[in-house]
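J.: Sequence plus predicted model, see below.
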Amino acid sequence: MIREAGPDDRAALDAILSARIDAAMFPLPNLREHGLGQGGFASDHRHATRFWILEDTSMVALTQEGMLMALLDPTCDLSGLPKTLSGMTLPGAVGSALSIRPALLALGLKDQPARLDEDDPGFALALADLQLPDLPGATLAPAAAAPLDLLIQWRAASMTENQGMSPVEAPAKAAEDVRAWLNADSHRVLLHHGQPVALTGFNARLPEIVQVGGVYTPPALRKRGHARTALALQLAEARAEGVTRAVL
């Protein structure tokens, strides 16, 4: 059975996501920040999300911008999914491959052409085990410490290199992302002897856990420990604020 979650289901849905929090770092913050509508989105924010509960232990979700997410038990019945999402536009999907692959198969999207179609490994770290590299002359600063045009250039280059986005469309989307980062204070820049050399950030955050996203070093500055140092310093910053776990 599949049914759309409404405001009365918020606690149950939060429990489903929290039980698998490492894999829920997109849908869970969306739920907590934007809430639940029913038959529509709770707000017009691009991360506002509709949720459907399957068999009381699994869920499928769709953001306002059309990103499909899922957390599914292996034996979950997905036969009702195509009818449930009929008529909706799904430009992308993100999440654990163990859930996203079966959902795409059920929707008949398994072999559709895609700009990017990859399964990447997942990593998790208890921040009590964090080790800090030693890079003399390195300091971490808010992303706003770097020139705006440089941040947009780095983000566009990262999207072209890692997400398969065309160089023509990447700058506009990069500018949108950078504005969101600055508004949320979610990203940091590593300065080496005062010069920006790497970018790091969190693309989702809860009081107890952060999800790493947006790490980038320009090709000419790679293999010098810049990204590793930037990320470690930001994780140390989060640890000092009470965060105990990080995922990537």
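T.: Done, it's in. What you are looking at is a predicted structure, and each value in this text was computed from that prediction instead of being measured. Residues are numbered from 1 along each chain as shown.

J.: can I assume residue 98 sits in a helix?
T.: Yes. Under DSSP: H, G, I helix; E, B strand; the rest coil, residue 98 falls within a helix.

J.: Could I get the buried residue list for the lengthiest strand in the chain?
T.: In the chain, with assignment by DSSP state E, the single longest strand is strand 195-206. For strand 195-206, burial by neighbour count (16 or more other Cβ atoms under 10 Å) applies to 196, 197, 198, 199, 200, 201, 202, 203, 204, 205, 206. Heads up, the C-betas are built off the backbone N, CA and C, glycines and all.

J.: Output those residues in CSV, with distance to residue 139 and pLDDT appended to each entry.
T.: Formatted as CSV, the buried residues of strand 195-206 follow (distance: Cβ to Cβ, whole Å; pLDDT from 0 to 100):
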residue, distance to residue 139, pLDDT
196, 11, 98
197, 11, 98
198, 12, 98
199, 14, 98
200, 13, 98
201, 16, 98
202, 19, 98
203, 23, 95
204, 25, 95
205, 22, 96
206, 27, 96
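
J.: how about stretch 40-47 as PDB, C-alpha atoms only?
T.: The C-alpha coordinates for stretch 40-47 follow below in PDB (Å, rounded to 0.1, in the frame of the first residue of the first chain):
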ATOM      1  CA  GLY A  40       0.600  19.600  -3.000                       C
ATOM      2  CA  PHE A  41       3.700  21.200  -1.600                       C
ATOM      3  CA  ALA A  42       3.700  23.000   1.800                       C
ATOM      4  CA  SER A  43       5.500  26.000   0.200                       C
ATOM      5  CA  ASP A  44       6.900  27.200  -3.100                       C
ATOM      6  CA  HIS A  45      10.500  26.600  -2.000                       C
ATOM      7  CA  ARG A  46      12.400  24.400  -4.400                       C
ATOM      8  CA  HIS A  47      13.300  22.000  -1.500                       C
END
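
J.: mind listing what's buried in that stretch?
T.: For stretch 40-47, by 16+ other Cβ under 10 Å, it's 41, 42, 46, 47.

J.: And for the closest residue to the last one other than its chain neighbours, the neighbour number?
T.: Spelled out, it's residue 47. Residue nearest to residue 47 in three dimensions, not counting chain neighbours: residue 30, with 5.0 Å by Cβ to Cβ, 6 or more residues apart in numbering. Residues lying near residue 30 (other Cβ atoms under 10 Å) number 25.
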